[in-house]
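Enquirer: Predicted coordinates and the sequence they were generated for:
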Amino acid sequence: MHVTADQLAASVADLVRIPSVNPLHFGPVAAEFGPAGEVAIATRLAERFDALGAAEVIVDEAGPDRPNVYALVPGRSERLVVLDVHTDTVTVEHMTDPPFDGRIEGGRVWGRGALDTKASLGVILALLAEWRRAGARPEPTLLVLGSASEEAGGLLGAVRFRGWVQQRQLEIDQLIVAEPTKLSPVRGHKGGVLLTITAHGLSCHSALPELGANAVEAMAPVIAAFVAEHERLQRIPPTTELGTGTLTVTAIQGGSGGNVVPDRCTLTVGRRSVPGEDSTLLFHEIVALAQSACPLPIEAVPLIPPTPEGQIGSNAFYQSASTRLVPLLTDATGHPATVAPFGSNALRYEGLATEMVVFGPGSIDDAHQATESVAIDDLIRLANVYARWLDPG
């Protein structure tokens, strides 16, 4: 049941050649190659899983023209494991390479999505094809999820998958969320909330500012309060390797002219959370802090849509190192478990599986760059890890 390097590279390249740029990252360069979104790659995945004899293949709309794909591969037991690989990619507008050529060159597969995260999908497809030819099945029942809208838009695919799992009352033993982690199992990363806060004032001629209410000036004490809160958070002793929470103002917009008192000013604010913090509560705490500091009325809007259960933002993901899955992956790769600075679909899967890790080939440092590629050697290593995890026979 040996899968060759050429088979692995070709399987990944096939997926890279299908544009699947997230609509929120779409632009004129991407438009030359086809429409935005995941429809084309979802169609291709459904075809490939059907050809592999999956017991069930479902294309499920996470949003308008934003499909998830679920493929159920029966195992030798009913124990259910899930591999979640997001199918959308970031923008290609700044790429200096052909974005979707999927060329195999210099021991690497090139093109947008090769690293983040079509490598993981390509490898599992190549393995399943070889196991089918050999008449082998994985030990656990495997559900492969191609999830939409991870890169931007509120993790819509993960939210929809969670609801689908709950509707079916599935019990997931182990869940791997594919991301570039240098083949180290990531057992934790921060969560958080992202929101805008708008102060509403009154415009007037700047020669007579006393006739208006300056919204930009009203935001000065709000920013100062946020800076002070961030500094307070840094003084709290961390309880895990994820460190402390953070609060950051990332954008400010306001004013319409040099001689007009601005009647509106909007801040974009991000609060990164650590284990033990509730993201919905954090949202309301930030709003309350802004209200207490701002002399004008404010309006707060979360930039990530609340979940169907009403949760605003995402709690941190943190998995114990003493589970079965983490040691299995560390033994298979020789890489110790770690935590990560980036987020993933794991933020929407709290309590959905008994064990969960974020795991995949390549480094997040190389993601979202002007060129993108994945090493074929890493594909081989990943194939060996998946074979150990799924134990075909």
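Expert: Perfect, thanks for sending it. Small disclaimer: the values here were computed from a predicted structure and weren't measured.
Enquirer: those helices in the stretch 201-350 of the chain, which residues are they?
Expert: Along the stretch 201-350 of the chain, counting by DSSP state H, counting those that start in this stretch, helices occupy 215-234, 279-293, 325-333.
Enquirer: any chance of those in TSV, plus distance to residue 265, mean pLDDT and mean neighbour count?
Expert: Glycine gets a C-beta too; all of them are placed from N, C-alpha and C. Converted to TSV, the helices of the stretch 201-350 of the chain look like this (distance: least, Cβ to Cβ, whole Å; pLDDT from 0 to 100; neighbours: other Cβ atoms under 10 Å):
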stretch	distance to residue 265	mean pLDDT	mean neighbour count
helix 215-234	4	98	17
helix 279-293	12	98	17
helix 325-333	46	96	18
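Enquirer: now for these, which one comes closest to residue 148?
Expert: Taking Cβ to Cβ, helix 279-293 is the member of the helices of the stretch 201-350 of the chain nearest to residue 148, at 21.8 Å.
Enquirer: Domain parsing of the chain, as residue ranges.
Expert: Per the record, the chain has its domains at 5-189+316-390, 191-302, by automatic domain parsing.
Enquirer: mind listing the strands for the stretch 101-250 of the chain?
Expert: Chain-ordered strands for the stretch 101-250 of the chain, with DSSP state E, counting those that start in this stretch as the definition, fall at 104-105, 108-110, 141-147, 172-178, 186-189, 191-200, 246-254.
Enquirer: For residue 96, which of these is the nearest?
Expert: Evaluated over these, closeness to residue 96 peaks at strand 108-110, with 11.4 Å, by Cβ to Cβ.
Enquirer: what pairs with the closest one, and is each one parallel or antiparallel?
Expert: Partner strands and pairing direction for strand 108-110 (DSSP bridges) are strand 104-105 (antiparallel), strand 373-375 (antiparallel).
Enquirer: Kindly provide the whole-number mean pLDDT of the first one.
Expert: Averaged across strand 104-105, pLDDT comes to 98.
Enquirer: Over to stretch 179-197?
Expert: Stretch 179-197 comes out with an average pLDDT of 97.
Enquirer: mind putting the strands of the stretch 101-250 of the chain in a markdown table, mean neighbour count and distance to residue 344 included?
Expert: Shown next, in a markdown table, are the strands of the stretch 101-250 of the chain (neighbours: other Cβ atoms under 10 Å; distance: least, Cβ to Cβ, whole Å):
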| stretch | mean neighbour count | distance to residue 344 |
| --- | --- | --- |
| strand 104-105 | 14 | 27 |
| strand 108-110 | 24 | 22 |
| strand 141-147 | 25 | 10 |
| strand 172-178 | 23 | 5 |
| strand 186-189 | 24 | 7 |
| strand 191-200 | 21 | 10 |
| strand 246-254 | 15 | 18 |
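Enquirer: Which one of these lies nearest to residue 391?
Expert: Nearest of these to residue 391, taken as Cβ to Cβ: strand 141-147 at 10.8 Å.
Enquirer: got a markdown table for the helices of the stretch 201-350 of the chain, with distance to residue 119 too?
Expert: Output for those, formatted as a markdown table (distance: least, Cβ to Cβ, whole Å):
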| stretch | distance to residue 119 |
| --- | --- |
| helix 215-234 | 36 |
| helix 279-293 | 30 |
| helix 325-333 | 15 |
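Enquirer: Dump the domains of the chain into JSON lines; add distance to residue 310 as well.
Expert: Below are the domains of the chain laid out as JSON lines (distance: least, Cβ to Cβ, whole Å):
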{"stretch": "domain 5-189+316-390", "distance to residue 310": "12"}
{"stretch": "domain 191-302", "distance to residue 310": "7"}
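Enquirer: check contacts around residue 118.
Expert: By Cβ atoms under 8 Å, 6 or more residues apart in numbering, residue 118 lies in contact with 12, 15-16, 85, 87, 89.
Enquirer: Check the spacing between it and residue 25 real quick.
Expert: Distance from residue 118 to residue 25, counting by Cβ to Cβ, to the nearest Å: 16 Å.
Enquirer: ditto for residue 108
Expert: The spacing between residue 108 and residue 25, counted by Cβ to Cβ, is 23 Å.
Enquirer: still on that earlier bit, now the strands of the stretch 101-250 of the chain in JSON lines, please, with extra columns for distance to residue 345.
Expert: Output for the strands of the stretch 101-250 of the chain, formatted as JSON lines (distance: least, Cβ to Cβ, whole Å):
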{"stretch": "strand 104-105", "distance to residue 345": "28"}
{"stretch": "strand 108-110", "distance to residue 345": "23"}
{"stretch": "strand 141-147", "distance to residue 345": "6"}
{"stretch": "strand 172-178", "distance to residue 345": "5"}
{"stretch": "strand 186-189", "distance to residue 345": "11"}
{"stretch": "strand 191-200", "distance to residue 345": "12"}
{"stretch": "strand 246-254", "distance to residue 345": "21"}
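Enquirer: Great, nothing more from me.
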